[in-house]
Structure formats: structure tokens, C-alpha cells
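I'd like to go over a predicted model; first the sequence, then the structure.
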Amino acid sequence: MKSFYSIQELADILETNIYSVADGLAACGVTPYCDGRKANISDWRRPISVRGNEIFVTTGIAIEPNPDTVVVSTEALPLLWVQNIKDATSALARADGQDKNHKQWPWGNRETELLRKLASAAEKLWSLYDPIDPTTAPTNKQVIDWLKNEGVSRRVAEVMAQILRDEKLPSGPRKS
């Protein structure tokens, strides 16, 4: 999953409209941002069209700020939304034949218990990593501890943590 999603992306993924996404975010207390500042999307109004009486009411004004530029943090989303996003993106990836979580390893369909744990660690610990913000990366200790809790030996967990680590991250302890 990505660290941030735009209102438009959420609408596309969840197969709904931007107004429903905006209303849902407001109901959940999730703050949207645009250009690093809180975004006011309370002025967004649904266009009304009633075909039976041939009434069409639209403002003719562009939606501001643009739904493509208004973003929300994945961490701020309710767990149900996160699960729905994961399910929808998984379904889309399967349809495109690109689902990386469906055992399509670079070396074929062969898999082992340790390969499954490596994939799980990548998904659980690295999915919210944003290369622009190194503080979003899990530490090697966090990865090793998680893998050890999954029954992986210390030596193998250390190697897996090294394999998963982004090589562009600075070496040594994290400076906060």
C-alpha cells in the first residue's frame, strides 16, 4: 500500500465517487491535505440531475481543490477502509496478472516456508515505507524481531532483514 492516497484514487479504487469518499472521510474524522496544508473540501457539492423532470442543477464551477491533489495518510484511514483498499488493489492486480502476493516469485511458483515469511515481512513491515521519508522504514531490529516471532532463527532473520532493506537507506543507527 501507498503512504498517501488522493481522493480521486480512493474513489477509483473503491469504485465510488469523490463525494462519497469526502463524506466518508469527514464522518471518520480523517483530515485531507493539499500542498502540505489542511484541505477544505466542505464546499464540494454533488451535481443534481433528475431525468424524469429534465432538471439539471450544476454550478459549472470546478471542484477546488482538485480531487487528484487532495491526499490522506493511509495511517489515518479506518482499518475497514485499509482492508477494502487492499482487497480492491489485490483484485485489480490479479485481473492484470500482476498480484505480487499471489506467489508469483521472480523464480517461478516454487515457494518454501521461509520464502512465505520473507514475503510476509515485506508486506507487513515495508508496505508503508516512503523512500522520500527514511523514517518510515522499519529498523533492522524491528524486522528481525518480527521474523523471530514468526519462528525464523536469528541468523536467517538477520539475512532476511538485510535482503528487505532499501539499499539507498543510510547505514548505521537511525538518527532522530
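The structure has been received and is ready for your questions.

quick one: the helices in this protein?
Counting by DSSP state H, one finds helices in the chain at the ranges 7-13, 18-28, 79-96, 113-126, 140-149, 154-164.

mean neighbour count, these: which tops it?
The highest mean neighbour count among these, using mean count of other C-beta atoms under 10 Å, belongs to helix 7-13: a mean of 20. C-betas here are computed from N, CA, C, even on glycine.

helices or strands next to that helix in the packing?
Judged by 3 or more C-beta pairs under 8 Å, 6 or more residues apart in numbering; DSSP states H and E, the packing partners of helix 7-13 are helix 18-28, strand 71-73, helix 79-96.

as CSV, the ones you listed with distance to Asn149 would be great.
CSV is the format used below for the helices and strands packed on helix 7-13 (distance: least, C-beta to C-beta, whole Å):
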stretch, distance to Asn149
helix 18-28, 31
strand 71-73, 27
helix 79-96, 21
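
how does the protein divide up, domain by domain?
4-96, 113-164 (automatic domain parsing).

low-scoring stretches of this structure, by residue?
For the chain, the stretches with pLDDT under 70 are 43, 45-63, 92-109, 175-176.

my guess is Ser120 contacts Asn149, does it?
No - using C-beta atoms under 8 Å, Ser120 is not in contact with Asn149; the gap is 11.2 Å.

how close does Val30 get to Leu77?
Distance of Val30 to Leu77, given as C-beta to C-beta, to the nearest Å: 6 Å.

who's more crowded, those two?
Leu77 (20 against 16; other C-beta atoms under 10 Å).

quick check: that one vs Arg155, distance?
For Leu77 relative to Arg155 (C-beta to C-beta), the value is 37 Å.
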